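> predicted structure and sequence below. I'll ask about it afterward.
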Amino acid sequence: MADKIDIPYDIYESPAEVVIIMPLWWVKKESLELKVKDYRLVIHWVREKIELREDFIPLKEECYRWDINLIIDLPPQSYFNRIHSKLTADSVLQVVIPKAIVPDHIDLEIENE
């Protein structure tokens, strides 16, 4: 049975967008993959193991044991084709999801036949 890995992240919401902030220590941009599937943001990355001398025997290994797949539900009114992200110099992933602004009401015009 695989252990569950909890990656901390914060989600903030305004009327216009949702922002996800996730510290990903020592992650390189090239190892990250983001995609949207079924109203969910899928974040995948491969943790690269640090090369050590051949004579080292692991006593405990947790840091580089698994690749990471993280799935975050997104609001259905998101503009999925306008999502943008960046990985900062200090390895913080920022994902911005613009939302469709839903008005309080819409006046509809009635046509004559």
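It's in. None of these values were measured; they are calculated from a predicted model.

> next one: S91 from F56, what distance?
As judged by CB to CB, to the nearest Å, S91 and F56 stand 25 Å apart. C-beta coordinates here come from the backbone N, C-alpha and C atoms, glycine included.

> of the two, give the one with the bigger neighbour count.
S91 (14 against 7; other CB atoms under 10 Å).

> show the residue spans covered by the helices in this protein.
With DSSP state H as the definition, the chain shows no helices.

> report the beta-bridge partners for the most centrally placed residue in it.
The C-alpha lying nearest the average C-alpha coordinate of the chain belongs to I43 (CA atoms, centre = their mean; 4.7 Å). Using DSSP bridges, the bridge partners assigned to I43 are L34, L70.

> give me every residue that touches it.
22, 32-34, 68-72, 93 (CB atoms under 8 Å, 6 or more residues apart in numbering).

> how about the least confident helix or strand in the chain by mean pLDDT: buried residues?
Every helix and strand of the chain was ranked by mean pLDDT, DSSP states H and E. The lowest is strand 68-73, at a mean of 88. Using 16 or more other CB atoms under 10 Å as the test for burial, strand 68-73 gives L70.

> which strands and helices sit next to it?
With contacts defined as 3 or more CB pairs under 8 Å, 6 or more residues apart in numbering; DSSP states H and E, strand 68-73 has these neighbours: strand 40-45.
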